[in-house]
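Trainee: Sequence and predicted structure below; questions after.
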Amino acid sequence: MNLYAEHKKFSLDSINERVIHCSLCPRLANYITYVGKTKAKRFKDQNYWAKPLPSFGDVNAKLLIIGLAPAAHGGNRTGRLFTGDSSGDWIAKALFETGFANIPTSNSKNDGLILKDVYISTAVRCAPPNNTPISSELSSCSQYLLSELLILDRTIKVILTLGRIAFETYCRIMDLQRLHFGHNASYDIGDGKILLASYHPSRQNTNTGKLTWQMWIDIFRTARSMMYNI
Ligand code: SF4
């Protein structure tokens, strides 16, 4: 069976099921367990998810968002990517304002958020220490993103990567060479698809003004117009 056929045999649900039970990266498995037990003071009364995070969204999406990794006290706590932290706040508000989401917030798995035309994934599915996965972890986790890309291939028009690591991970998986990361950089990668890059909406970028709200919302407007103009 070739690689394409091997990955195509999975459904998005079955990939998520495999992800949730994955323990390929001992450093990350130990870390998320540790964070789930020690908790942040402000969340001490909550039960942390403390497992790898599934992707989520519209299975017929035209836009695929690829983030870096779950946040230790965000997704790793709530059990859904970009949920319960400031990056999630920025994503949910932008998705709502550009018609991709029914509510402008992302606080918990049961908050009623429904995504339309967008699917959200990440380069690695376990929260890494200091938000920094090592190369072997990126490499191990790529299998899940590749499987998702092959399944979503028939509908996806725009791939929006958040931050340099997500951009470079996507390029490596798809064997795209000589493409350079930059905020708002876009590339026609063939097959009716565009690769669009953005700074990650981490506090490090949003608190310093490296990524302003205007820059951020413009990325989503650009993504939406690209979806219908290729
Ligand atoms: S980062 Fe990915 S490959 Fe590593 S343990 Fe988590 S889910 Fe598995």
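Mentor: Nice, thanks for sending it over.
Trainee: Tell me the residues of the chain that contact the ligand?
Mentor: Within reach of the ligand by Cβ under 6 Å from any ligand atom, the chain has these residues: 19, 22-25, 28-29, 52, 124-126, 137, 140-141. Placement of C-beta: from N, CA and C, glycine included.
Trainee: Select from these every entry located in helices.
Mentor: Per DSSP state H, helices hold the following members of the residues of the chain next to the ligand: V19, L28, A29, E137, S140, C141.
Trainee: Dihedrals phi and psi, the closest residue to A223 other than its chain neighbours?
Mentor: With Cβ to Cβ, 6 or more residues apart in numbering as the criterion, A223 has its nearest non-adjacent residue at 4.9 Å, and that residue is V158. Main-chain dihedrals, V158, degrees, to the nearest 10: phi -130, psi 130.
Trainee: Distance of V158 relative to A166?
Mentor: According to Cβ to Cβ, to the nearest Å, V158 stands 14 Å off from A166.
Trainee: ok, those two, which is more surrounded?
Mentor: A166 (27 against 24; other Cβ atoms under 10 Å).
Trainee: so the more buried one, which of the three states?
Mentor: helix (DSSP: H, G, I helix; E, B strand; the rest coil).
Trainee: tell me which element the nearest residue to it once chain neighbours are set aside is part of?
Mentor: Excluding the flanking residues, the one nearest A166 by Cβ to Cβ, 6+ apart is I66, at 4.6 Å. According to DSSP states H and E, I66 maps onto strand 63-67.
Trainee: Name the strands paired with that strand and say parallel or antiparallel.
Mentor: In the sheet, strand 63-67 lines up against strand 118-122 (parallel), strand 158-162 (parallel) (DSSP bridges).
Trainee: where do the strands sit along the protein?
Mentor: Remark: strands assigned in the chain by DSSP state E are 56-57, 63-67, 118-122, 158-162, 186-190, 193-198.
Trainee: want to throw those into a markdown table with mean pLDDT?
Mentor: Output for the strands of the chain, formatted as a markdown table (pLDDT from 0 to 100):
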| stretch | mean pLDDT |
| --- | --- |
| strand 56-57 | 98 |
| strand 63-67 | 98 |
| strand 118-122 | 98 |
| strand 158-162 | 98 |
| strand 186-190 | 97 |
| strand 193-198 | 98 |
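Trainee: Tabulate those strands (TSV), appending distance to T83.
Mentor: Listed next are those as TSV, based on distance: least, Cβ to Cβ, whole Å:
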stretch	distance to T83
strand 56-57	9
strand 63-67	12
strand 118-122	10
strand 158-162	15
strand 186-190	27
strand 193-198	19
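Trainee: my guess is D89 contacts F96, does it?
Mentor: No: if you go by Cβ atoms under 8 Å, D89 and F96 don't touch, sitting 10.9 Å apart.
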